[in-house]
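Asker: show me how the following folds:
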Amino acid sequence: MEIEDFERYSEIITNWIANYYREIRNFPVLSQVKPREIFDSLPTNPPEEPEPFEKIFEDFQNIILKGVTHWQHPRFFAYFPANTSFPSILAEFLTSALGIQAMMWITSPSAAELEEKVMDWLKKMIHLSENFHGVIQDTASTSTLVAILTAREKATNFEINKNGFSNQKFTVYCSEEAHSSIEKAVKIAGIGSNNLRKIPVDEKFSMKTGLLEQAIKEDVQNGFKPICIVGAFGTTGSTAVDPLEQIGEIANRYGIWYHIDGAMVGSALILPEFQHYLKGINTADSFVFNPHKWLFTNFDCSAFFVKDKRALLET
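Answerer: Got it, this is the predicted structure:
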């Protein structure tokens with residue numbers, strides 16, 4: 001594709017996007033296709049010759065679009081908020097154009113320093129404690145995995161990364177209402193789903209801290225090493241909030257890493273009327289929330305904060 005063609009086609013796509021948002025109410029929220037309908041509509045074999053932009057864009061509109069669930073539709077109420085915005089779309093355009101790899105400072109200094117600055121802004125916007133340090137992850141699921149891995153390494157003086165597991169028996173704690181990513185994380189971390197303790201909840205779907213401490217005591221007596229508690233600041237299923245301050249006290253008492261999953265509603269901390277939750281959140285060792293849910297940012301953008309930066313880096 002020549003630059004002149006790119007200019008022409010990008011104008012076509014930009015106009016299409018603008019019109020899509022004007023007309024989005026006319027689409028059904030949920031795709032009406034049957035399973036395999038999109039798959040069977042596409043060619044069996046890859047193209048052997050280039051196809052013109054017009055043909056590819058026609059396939060997008062006639063085949064792909066009918067299989068889309070319209071997450072930006074005003075009547076979309078499933079799962080969780082996932083709102084993009086025109087500024088975010090334009091920013092995505094620019095980052096795609098630059099095509100950089102931002103894996104370390106030298107590969108693109110601007111990306112590294114912009115990320116650090118924006119994470120500092122976010123920390124100030126939600127009034128997190130100054131001793132938190134932020135880094136962008138793709139999802140809160142990844143952030144939780146990173147937190148559990150860091151907890152595992154700190155609890156073993158970073159030996160498992162070097163030597164692997166020996167005979168350690170670790171336990172991790174969350175509520176029965178916690179996100180499924182926690183169970184996946186303990187599997188990936190080698191801890192095992194049988195060693196994830198799902199603590200019962202009360203009538204408000206909040207973790208019962210008395211049962212949490214009881215479970216910790218029993219595990220210690222049975223030769224387990226508790227390494228991480230995951231508290232919820234707004235569960236995905238019901239936006240329930242665990243008693244964060246009480247959990248923080250328990251974590252501190254037993255020397256356990258305390259991670260808070262605020263993926264769903266963490267952005268609400270910008271508002272003064274929700275900042276009383278910070279007393280509990282600031283007791284945590286790590287905290288995550290997702291700007292790609294309430295802050296009109298394209299997926300994926302998960303803001304992960306940790307107090308012990310050295311432990312994260314060594315992990």
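Asker: how many neighbours does the closest residue to Leu145 other than its chain neighbours have?
Answerer: Nearest residue to Leu145 in three dimensions, chain neighbours excluded: Ala185, at 4.1 Å (C-beta to C-beta, 6 or more residues apart in numbering). (Each C-beta comes from the backbone N, C-alpha and C, glycine too.) Close neighbours of Ala185, defined as other C-beta atoms under 10 Å, add up to 26.
Asker: how near is Ala185 to Ala232?
Answerer: 14 Å (C-beta to C-beta, to the nearest Å).
Asker: that older thread, and the residue nearest to Leu145, what is it in contact with?
Answerer: 141, 144-145, 148 (C-beta atoms under 8 Å, 6 or more residues apart in numbering).
Asker: just name the closest of those to Lys204, please.
Answerer: Thr144 (22.3 Å; C-beta to C-beta).
Asker: please, which helix or strand holds the closest one?
Answerer: Taking DSSP states H and E as the definition, Thr144 sits inside helix 140-155.
Asker: tell me which residues are up against that helix.
Answerer: With C-beta under 8 Å, 6+ apart, helix 140-155 has contacts from 137, 159-161, 170, 172, 179, 181-182, 184-186, 188-191, 225, 227-228, 230, 256-257, 259, 261, 263, 285-286, 288-290, 302, 304, 306, 308, 311-312, 314-315.
Asker: distance from the chain centre to that helix, please.
Answerer: 13 Å (C-alpha atoms, centre = their mean, to the nearest Å).
Asker: same check, this time on stretch 37-53
Answerer: The chain centre lies 33 Å from the centre of stretch 37-53; the measure is C-alpha atoms, centre = their mean.
Asker: show me the protein divided up by domain.
Answerer: Here the domain parsing of the chain from automatic domain parsing is 3-78, 106-314.
Asker: report the longest helix in the chain, please.
Answerer: The residue-count maximum for a helix in the chain (DSSP state H) belongs to helix 3-23.
Asker: which other helices and strands does that one contact?
Answerer: helix 53-59 (3 or more C-beta pairs under 8 Å, 6 or more residues apart in numbering; DSSP states H and E).
Asker: helix or strand right after the helix it packs on?
Answerer: That would be, after helix 53-59 and using DSSP H and E, helix 86-98.
Asker: return the set of buried residues in that following helix.
Answerer: Neighbour counts over helix 86-98 (16 or more other C-beta atoms under 10 Å) mark Ser88 as buried.
Asker: SS state for the residue of the chain positioned farthest from its centre?
Answerer: No residue in the chain sits farther from the centre than Glu49, which is 39.5 Å out by C-alpha atoms, centre = their mean. On the three-state scheme (DSSP: H, G, I helix; E, B strand; the rest coil), Glu49 is labelled coil.
Asker: so who does it touch?
Answerer: Taking C-beta under 8 Å, 6+ apart as the test, Glu49 contacts no residue whatsoever.
Asker: how far does stretch 79-88 stretch from start to finish?
Answerer: Terminal residues of stretch 79-88 are spaced 21 Å apart (C-alpha to C-alpha, to the nearest Å).
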